[in-house]
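Trainee: This is a predicted model, with the sequence first.
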Amino acid sequence: TQTVSQSDAHVTVFEGDSVELRCNYSYGGSIYLSWYIQHHGRGLQFLLKYYSGNPVVQGVNGFEAEFSKSDSSFHLRKASVHWSDSAVYFCAVSVNTGNYKYVFGAGTRLKVIA
Amino acid sequence: NSKVIQTPRYLVKGQGQKAKMRCIPEKGHPVVFWYQQNKNNEFKFLINFQNQEVLQQIDMTEKRFSAECPSNSPCSLEIQSSEAGDSALYLCASSLYLGGDYAEQFFGPGTRLTVL
């Protein structure tokens, strides 16, 4: 059974700061990694994914993430945050077999102070 | 931006009542997932479909929950007899492929169910 860990429940930064949101997973096989953003009361918006190839992937709105097999990690980064980035961020892992369901981390609530 | 449509956005039911919600996946997406997100932001996979066929569903959905994705009609998730513990945000997601490099799931806005 795969698990996803987001070690920081809350992160607070100032507008213009850089930020890294951490995601670690446990699974040794072929997996699919994604990040989603959820604004209050809304559904999940896709940010980016990694399946294969270049371990650094670019997503929407200036987000990027880096896959590390050795660290079992897929951390999300942004060089300069905007107040509108305030939301809950979820890391999701799916195994490339079986029912392909997502397993989500507990989420990291990012607060950007203007 | 996702083009998955979910209706209604809010649903209020009494205990024991039926609760039905609908989902229109993105055009051309044959794969549909349903998840339940509780107030603690914990997600639970409920069921998924490829075209009109059920791929897998958890035990919970085998008992009080029913779901279908008929051809040329919205997908639906129905709770036969709602319980207080069913209060949650129900998210529908669709994807183009099942597995592989383009299997990202696109989510709708969700249906927030409150069971009084």
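Mentor: Perfect, thanks for sending it. Numbers count the residues shown, from 1 in each chain, chains lettered A, B, ... in the order given.
Trainee: Show me which residues of chain B sit near chain A.
Mentor: Taking CB under 8 Å from any CB of the partner chain as the contact definition, chain B meets chain A at B:1-2, B:4, B:6, B:31, B:33, B:35, B:41-43, B:45, B:48, B:55-56, B:91, B:93, B:98-101, B:103-110, B:112. C-betas here are computed from N, CA, C, even on glycine.
Trainee: Please tell me how far the residue nearest to residue B:56 when sequence neighbours are not counted sits from residue A:74.
Mentor: In this structure, residue B:56 finds its nearest non-sequential neighbour in residue A:99, 3.9 Å apart by CB to CB, 6 or more residues apart in numbering or on different chains. To residue A:74, residue A:99 is 21 Å away according to CB to CB, to the nearest Å.
Trainee: so what's the residue nearest to residue B:56 up against?
Mentor: By CB atoms under 8 Å, 6 or more residues apart in numbering or on different chains, residue A:99 lies in contact with B:45, B:48, B:55-56.
Trainee: try 10 Å this time
Mentor: Residue A:99 is in contact with B:33, B:45, B:47-48, B:50, B:55-58, B:98, counting by CB atoms under 10 Å, 6 or more residues apart in numbering or on different chains.
Trainee: May I have the secondary structure class of it?
Mentor: coil (DSSP: H, G, I helix; E, B strand; the rest coil).
Trainee: Relative to residue B:97, how far out is it?
Mentor: Distance of residue A:99 to residue B:97, computed by CB to CB: 14 Å.
Trainee: what's the answer for residue B:59, then?
Mentor: 27 Å.
Trainee: Please apply the same query to residue A:22.
Mentor: Relative to residue B:97, residue A:22 is positioned 28 Å away (CB to CB).
Trainee: Neighbour count: those two, which is higher?
Mentor: Comparing residue A:22 with residue B:97 by other CB atoms under 10 Å in any protein chain shown, the one with more neighbours is residue A:22, at 17 against 14.
Trainee: Quick check: pLDDT value at that one.
Mentor: Residue A:22 carries a pLDDT value of 98.
Trainee: same check, this time on residue B:61
Mentor: On pLDDT, residue B:61 comes in at 66.
Trainee: again, but for the one 3 residues further on
Mentor: Per-residue pLDDT puts residue B:64 at 90.
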